[in-house]
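Participant: Structure of the sequence below:
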Amino acid sequence: MKKNTYQIIKFLSLALVTVFTIGCEKRNEGITQEGTKYSAVLCVGSWPNTAYYIAGIQSLTSGTLSLAGNGAEMTGKVYAQDVIQRDGFYYHANANSGRLGKYHVENGALLIDKEIPFSWLNWSSYAWVDNNTLVIFGDGNNEARYAVVKVDKMTIKTGKLSLNAIPKGFDGYNIGFSEYRNGKLFLGYGYASMDWSKYPVMPVYQEALIAVIDYATMTVEKSLSDTRTTGLGGPNVYAPSSFVDENNDLYFISDPVNVYDYKSPSVMYRIKNGSTEIDPTYFFNFSAATNKEMVPAMWYIGNGKAIVRSRIAGQSIDADHYFCIIDVKTGGFIKKLDLPADKGERMVNGVIVEDGKAFIAVNAADRDYIWEYDPATDKLTKGLEFVGGIDYILRIEKLK
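Facilitator: Coordinates of the predicted model:
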């Protein structure tokens, strides 16, 4: 299976992406996939001989799912699992192929609603401002850039962000988590090196930064900084590492291994409702509370609790992962869930939260299931099983 680290994807994708015709508009209103409520992005094969599919899911709690008669192939239209899904539509940007697309699944095929020219940034992260406004972030030509997309008509406005200057010895930005709250966009970032002759020990800049952006003008009002960790989440086109809770407080967690930092801890921060500063009273060192584990993904499940997908620290981004419960209010580790080790790679969107329960897709060593976790009873129940030669469950999502 491929090493889906964002930097390597950018390095390799010039040779891997097939160019398709731009500007083909199919429809303005889509449908959920054949009437299904959920979907999964699935991978068959081993890197680089892989194929990707979107399959509809009828139930998370029972039955089986295979690709036999169920699955729209993504390969070619969409590069891999770095897609944004909302209300049954899928969005994907690829600067190397020069297109930004809106798609939906119908009659077992991934159809193009509209594709527009797009070569201005390599996308990393995104935030929804409202149901029709998508803001995406990334880098291009060693500059931090953004695009504001009105998704009904697929119109786009692009610009550059005035982030802190790239320091000597680095030649790009690492764009991390992004969240929209109260007219502001919060964007985690750091600095990247493209000197792949040093891989896997890449240069690390010991600082984590958060840009506070005024959405109305897309100007950077300030950059917040902390030097105790690196790699502030992301890219969230693969999996979330931040959330805004029911109190409108913003939480985000770092994953230093994302920027090839194997020494700094994975740390959670908070920016309280009404503030644009890191809460000085809050600092949750997840790595210190565990066996030096790191967190590439996090999902809020309500009532002050979150699920994190973590892995043992070390010089491997794609080591086995585990699912844990944390208390985000107090900044405390609660427990590791009694689930099989997840052999999936780092960039997996493996959790759906619905009706106070979490549904967790696990790429196990033998049989792959979606597990239901009920925090009210602390109970795990085996649900849908994936069968028929599926190699990786890369995403599960609620469509409506």
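Participant: Mind telling me what element the closest residue to residue 290 other than its chain neighbours is part of?
Facilitator: Spatial nearest neighbour of residue 290, chain neighbours left out: residue 333 (6.1 Å); criterion: Cβ to Cβ, 6 or more residues apart in numbering. Glycine gets a C-beta too; all of them are placed from N, C-alpha and C. Taking DSSP states H and E as the criterion, residue 333 maps to strand 332-336.
Participant: how many neighbours does residue 355 have?
Facilitator: By other Cβ atoms under 10 Å, the residues close to residue 355 number 7.
Participant: and the gap between it and residue 60?
Facilitator: Noted for residue 355: a distance of 11 Å to residue 60, by Cβ to Cβ, to the nearest Å.
Participant: got the CA coordinates for the strand holding residue 333 in CSV?
Facilitator: Output of strand 332-336 as CSV, limited to C-alpha atoms (Å, rounded to 0.1, in the frame of the first residue of the first chain):
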residue,chain,number,x,y,z
GLY,A,332,-6.9,13.8,29.9
PHE,A,333,-6.4,10.3,28.5
ILE,A,334,-9.3,8.0,29.3
LYS,A,335,-8.6,4.7,27.6
LYS,A,336,-7.6,2.7,24.5
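Participant: which residues of the stretch 1-150 of the chain score low on pLDDT?
Facilitator: 1-35 (pLDDT under 70).
Participant: where do the strands sit along it?
Facilitator: Here the stretch 1-150 of the chain has its strands, by DSSP state E, counting those that start in this stretch, at 38-46, 49-57, 64-65, 72-73, 84-86, 89-94, 99-106, 109-117, 122-130, 133-140, 143-150.
Participant: And the last one, how far out from the chain middle?
Facilitator: Mean C-alpha position of strand 143-150 versus that of the full chain (Cα atoms, centre = their mean, to the nearest Å) differs by 17 Å.
Participant: next SSE after that strand?
Facilitator: Immediately after strand 143-150, counting by DSSP H and E, sits strand 155-160.
Participant: Run through who's touching that following strand.
Facilitator: Under the criterion Cβ atoms under 8 Å, 6 or more residues apart in numbering, residues 100, 116, 118, 120-121, 143-150, 218 lie in contact with strand 155-160.
Participant: now the angle between strand 89-94 and that strand, please.
Facilitator: 40 degrees (axes from the mean of the first three to the mean of the last three Cα atoms, to 10 degrees).
Participant: How about the contacts made by the closest residue to residue 65 other than its chain neighbours?
Facilitator: Closest residue in space to residue 65, ignoring its immediate chain neighbours: residue 386 at 5.4 Å, by Cβ to Cβ, 6+ apart. In this structure, residue 386 makes contact with 40, 42, 64, 65, 66, 361, 368, 369, 393, judged by Cβ under 8 Å, 6+ apart.
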